[in-house]
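S.K.: Just the structure for this:
(one chain, ligands or ions: 2)
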Amino acid sequence: MSEIRVGVFGASGRMGSQVVHAVDKAEGMTIVGGVDIGEPRETVGPAQVIVDFTHPDAVMDNIEWAVSHGINMVIGTTGFTPERIARVRELVEAHPKVGVLIASNFGIGAILMMRFAEIAAKFYPSVEIIELHHPNKVDAPSGTAATTARRIAAARDEAGLGPVPDATVHDDGARGAVIDGIHVHGVRLQGLVAHQEVLFGQAGETLTIREDSYDRVSFMPGVVAGIRHIVAHPGLTLEMDDVLNF
Ligand SMILES: NC(=O)C1=CN([C@@H]2O[C@H](COP(=O)(O)OP(=O)(O)OC[C@H]3O[C@@H](n4cnc5c(N)ncnc54)[C@H](OP(=O)(O)O)[C@@H]3O)[C@@H](O)[C@H]2O)C=CC1
Ligand SMILES: O=C(O)C1=N[C@H](C(=O)O)C[C@H](O)C1
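M.R.: Ligands and ions are numbered 1, 2, ... in the order given. Presented below is the predicted three-dimensional model:
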């Protein structure tokens, strides 16, 4: 079988450079081009899959371009609101042969953390998220924290839990951002890479689910699995649960 031809948007970035290396080493796929800001996207023209780790301000335009050129995408760039997801859904519906995978985190521990948090959500009235990242991160709160908050909120809704009872806000941001009713706190600190804690509480007990990525190499098996998945799955795939089959 022929190799999957992979292009990378954001190829010189912290993540993009790791992706180039990981795809180069992976069996059954090969790098056909990399693009950075200001460079022509046509460079990756022969690609079957484009991996995008660029910037929340750039990613929607990149998707419009790739999907309209019939190229599948694996997207790790963050900044996806429900409105942005709806637009991507429209695009892939208009190009039914194309697959787009959007995952806010490709690390296995983070994928499990989000799932575990979703399972725990219905058992605890109180919940808060703390995300901790390197200081050069462009966005806050992180995509992982936003996705976790939305999934927890959906699980709470489904279980008939009301709003989190501890959400008093009369301060200068000390209680963090609020996403779908869930408080999210962002820490930016030299020495960190990517970390998150989800704290659950009820009378007399807490549960903390924590994941730490110490090196961006931790995201690479997920990216490679995403590339293999998307060439066989047209349409929109959100997050890694279906890719990992759980
Ligand atoms: N889903 C996941 O598992 C992970 C997601 N991320 C997300 O990935 C994104 C990138 O993170 P990171 O690699 O740390 O960031 P970097 O700033 O290190 O890399 C981004 C790269 O994209 C380039 N770039 C910016 N705009 C464009 C564009 N329009 N076309 C092509 N290239 C462009 C930048 O170029 P220049 O430097 O010249 O601006 C840079 O080389 C963020 O949204 C981050 O949150 C990060 C880690 C894991
Ligand atoms: O910018 C990063 O570094 C990361 N971004 C993603 C996010 O915003 O959740 C994934 C991971 O946390 C690393």
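S.K.: Apart from its neighbours in sequence, what residue is nearest the most centrally placed residue in the chain?
M.R.: Centroid check for the chain by C-alpha atoms, centre = their mean gives residue 104 as the closest residue, at 0.7 Å. Nearest residue to residue 104 in three dimensions, chain neighbours excluded: residue 143, at 3.6 Å (C-beta to C-beta, 6 or more residues apart in numbering). The way it works is simple: take the backbone N, C-alpha and C, and place the C-beta from them, glycine included.
S.K.: what's near enough to touch the one you found?
M.R.: 78-80, 104-105 (C-beta atoms under 8 Å, 6 or more residues apart in numbering).
S.K.: hmm, back to that, what sits against the residue nearest to the centre of the chain?
M.R.: For residue 104, the contacting residues are 76, 78, 80, 142-144, 146-147, 239, by C-beta under 8 Å, 6+ apart.
S.K.: Stretch 52-62: end-to-end distance?
M.R.: End-to-end distance of stretch 52-62: 8 Å, with C-alpha to C-alpha, to the nearest Å as the criterion.
S.K.: And that stretch, what's buried?
M.R.: 52-55, 59-60, 62 (16 or more other C-beta atoms under 10 Å).
S.K.: Spatially, which residue comes closest to the residue of the chain found nearest ligand 1, not counting chain neighbours?
M.R.: For the chain, the residue closest to ligand 1 is residue 13, as judged by C-beta to the nearest ligand atom, at 2.1 Å. Nearest non-adjacent residue to residue 13, counting by C-beta to C-beta, 6+ apart: residue 53, 5.8 Å away.
S.K.: for residue 29, same thing?
M.R.: Residue 29 sits nearest to residue 4 (C-beta to C-beta, 6+ apart), 4.1 Å away.
S.K.: same question, residue 12
M.R.: Per C-beta to C-beta, 6+ apart, closest to residue 12 is residue 36, 4.9 Å.
S.K.: next one: residue 177
M.R.: Using C-beta to C-beta, 6+ apart, the closest residue to residue 177 is residue 184 (4.8 Å).
S.K.: Kindly confirm my reading that that neighbour forms part of a strand.
M.R.: Yes. Counting by DSSP: H, G, I helix; E, B strand; the rest coil, residue 184 falls inside a strand.
S.K.: Surely it and residue 164 touch.
M.R.: No. Assessed by C-beta atoms under 8 Å, residue 184 is found out of contact with residue 164, at 11.7 Å.
S.K.: So between those two, which is more surrounded?
M.R.: Per other C-beta atoms under 10 Å, whichever of residue 184 and residue 164 has more neighbours is residue 184, with 23 against 19.
S.K.: Would you mind naming the residues that bridge with the more buried one?
M.R.: For residue 184, the beta-bridge partners under DSSP bridges are residue 129, residue 177.
S.K.: Do you know the pLDDT at it?
M.R.: Here, the pLDDT recorded for residue 184 equals 97.
S.K.: can you check residue 42 too?
M.R.: On the pLDDT scale, residue 42 is placed at 89.
S.K.: Quick check: buried residues in the host helix or strand of residue 120?
M.R.: Secondary structure from DSSP states H and E places residue 120 in helix 108-121. Neighbour-count burial for helix 108-121 flags 108, 110-115, 117-118, 120-121 (criterion: 16+ other C-beta under 10 Å).
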